[in-house]
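> Requesting a structural model of the entry that follows:
(4 chains)
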Number of protein chains: 2
Amino acid sequence: MDRLLEVTVLFQHDMESNLGARGLTVSRTHLLWVLHHAGPCKQHELAEALDVTPRNVTGLVDALVATGFVVREPHPTDRRATLVILSDKGAATMEAMAAEREQVADGLVAGMSAATVDRMTGDLEVVLLNLRTMISEAGRTPESP
Amino acid sequence: MDRLLEVTVLFQHDMESNLGARGLTVSRTHLLWVLHHAGPCKQHELAEALDVTPRNVTGLVDALVATGFVVREPHPTDRRATLVILSDKGAATMEAMAAEREQVADGLVAGMSAATVDRMTGDLEVVLLNLRTMISEAGRTPESP
DNA sequence: TATTGTTATACTCTATAACTATA
DNA sequence: TATAGTTATAGAGTATAACAATA
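Prediction:
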């Protein structure tokens, strides 16, 4: 199972490098990702989607506005709320990332037959179920780094 | 390949919860892990092992001393350096974590035959190689959260 | 009264740069 | 001069609590 951890760590690390080159961080990208899929959102909705406090969203959106990835607009019907919307730059970035994502997914299974990939996917599904079961059952799982 | 990411995210999240319950963080545990395997270290050595600045190690060790997981001792031959050593509490914690780790590894593949596990391990090895190749080749890999 | 977002404050991880004590 | 660790400063993510404006 150390393979899994190793893949995890490498992936994470590489991801941060690439985002950094684009002027983004993991958290901010996560927020952009939600906007990309859900469309314009209230900050409150973003907080729920990211499982983070509203205060935290304020900071992330501030940073994304400053770097031009999103814009704030007043909510049409609720004057307490603000809508967060992808800018042209933000939308283009998300498009590019989605495309890259496909490439990477293909690259990861390079040299493996479709059957093998399906098989591994099924195996991982079992692991995922086991993991979920363990988490909900007790709330244990250890260290590692 | 989304299975992989999902496993990754769940794992990470659960790990943080458990460490938090013990009064630890991922970074601090990583440092303890190095001490557990390498024995007493100079802070400089820890900085290299964790791939982090010496200044950062100072902060981590400060926190671990304050919470009683490690102690600082003068280096026997180099009076510039300090040795960081696991306390009894720290050592006991690492032992417990190592044991739990085995349990979790078993739990992850519960219901899978030994042959299936071997097969999946081999598949993941290929993925790992592909990932390494992609990283060194260019330095690309995308987002995702 | 309840909700939305903000200011205020604080903790953790991380980095660079400058400084002290030793080699 | 070079090395080990520290102080000083800064930026990112995160959290709680108190507060304003609006429902």
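> Please look at residue A:15 and residue A:27 and confirm they touch.
No. Here residue A:15 does not reach residue A:27: they are 12.0 Å apart, not a contact under Cβ atoms under 8 Å. Quick note: C-beta positions are derived from backbone N, CA and C, even for glycine.
> Residue A:111 - nearest residue in space that isn't next to it in sequence?
Among residues not flanking residue A:111 along the chain, residue B:126 sits closest, at 6.7 Å (Cβ to Cβ, 6 or more residues apart in numbering or on different chains).
> Secondary structure element for that neighbour, which one?
Secondary structure here is read from DSSP states H and E; on that basis residue B:126 sits in helix B:114-137.
> Can you give me the buried ones in that helix?
By neighbour count, with 16 or more other Cβ atoms under 10 Å in any protein chain shown as the criterion, the buried positions of helix B:114-137 are B:119-120, B:123-124, B:126-128, B:130-131, B:134-135.
> before we move on, what about stretch A:61-75?
Using 16+ other Cβ under 10 Å as the burial criterion, the residues of stretch A:61-75 that qualify are A:61, A:63-64, A:69-71.
> ok, now how distant is the residue nearest to residue A:87 when sequence neighbours are not counted from residue A:97?
Computed as Cβ to Cβ, 6+ apart, the closest residue to residue A:87 that is not its neighbour in sequence is residue A:71, at 5.4 Å. Here the criterion is Cβ to Cβ, to the nearest Å. By it, residue A:71 lies 19 Å from residue A:97.
> What of residue A:28?
Residue A:28 sits 12 Å away from residue A:97, going by Cβ to Cβ.
> could you show me where the helices are in chain A, in order?
A:2-21, A:26-38, A:43-50, A:54-66, A:88-108, A:114-137 (DSSP state H).
> In CSV, list these along with mean pLDDT.
CSV is the format used below for those (pLDDT from 0 to 100):
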stretch, mean pLDDT
helix A:2-21, 84
helix A:26-38, 97
helix A:43-50, 98
helix A:54-66, 97
helix A:88-108, 93
helix A:114-137, 90
